[in-house]
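1. Need the 3D shape of this:
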Amino acid sequence: MRTYDVAPLFRSSVGFDRLFDLLTQAERVEPSAAWPPYNIEKVAEAAYRITMAVAGFTAEDIELTQHDTTLLVAGQRKDQDGEHQYLHRGIAARTFRQTFNLAEHVKVTGASLENGLLTVELKREVPEALKPRRIAINGDQAAGGQDNARAQLEGDAKAA
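-> Numbering: from 1, shown residues only. Sure thing, here's the model as predicted:
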């Protein structure tokens, strides 16, 4: 894997701190960040789905929290391991904490847990006030538009 030095970008840009933090954070990915495995898919133009493999966890063991543009998925099993005597333990039941950075105006619309897969539905809903709008060009100048005719001064009016 290649690494890129983004230090020169820090010197010539202002206000892109969050973007640069994401770039440098991507270089320092922890091995535990890959667990549990997950998929991110685009389902429609403004709809997304995150699917996480959380076998052995119940809905009560998983906590979903959205704060601004961050989605936190955390899981911790509540049952005691003292009840069972394992000869081999191959199903991971360790706690996890996965953070997803969401774009502006992306909201969680639903979540479900079925067959060991946690599915989180996301939708981008841009408010009407922030959507681009088309502005009509009015050909009538008398409607309060800008008049490009030469302004006449009082002295010019007498000479004419």
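2. separation between Glu114 and Ala59?
-> Separation of Glu114 from Ala59 (C-beta to C-beta, to the nearest Å): 10 Å. Where C-beta positions appear, they are placed from N, C-alpha and C, glycine not excepted.
3. Please name the residues that touch Ala111.
-> Residues touching Ala111, when contacts are defined by C-beta atoms under 8 Å, 6 or more residues apart in numbering, comprise 64, 118-121.
4. ok, and the closest non-adjacent residue to Ala47?
-> Ranked by C-beta to C-beta, 6 or more residues apart in numbering and with sequence neighbours excluded, the top spatial neighbour of Ala47 is Lys123, at 5.2 Å.
5. Quickly find the element holding the one you found.
-> In this structure, Lys123 is located in strand 117-124 according to DSSP states H and E.
6. Return the list of strands paired to that strand, each annotated with direction.
-> Taking DSSP bridges as the criterion, strand 117-124 sits next to strand 47-53 (antiparallel), strand 106-114 (antiparallel) in its sheet.
7. Out of the contacts of Ala111, flag the one nearest to His105.
-> Lowest distance from His105 to the contacts of Ala111 (C-beta to C-beta) belongs to Glu121, with 15.2 Å.
8. tell me which residues form a beta bridge with that closest one?
-> For Glu121, the beta-bridge partners are Arg49, Gly110 (DSSP bridges).
9. how many other residues sit next to it?
-> Around Glu121 sit 15 other residues, with neighbours defined as other C-beta atoms under 10 Å.
10. Repeat that for Gly110.
-> Using other C-beta under 10 Å, Gly110 is surrounded by 10 other residues.
11. Could you tell me what pLDDT the model assigned to it?
-> The confidence metric pLDDT takes the value 92 at Gly110.
12. Thr119 is in contact with Val54, isn't it?
-> No: contact between Thr119 and Val54 fails when scored by C-beta atoms under 8 Å: they sit 10.4 Å apart.
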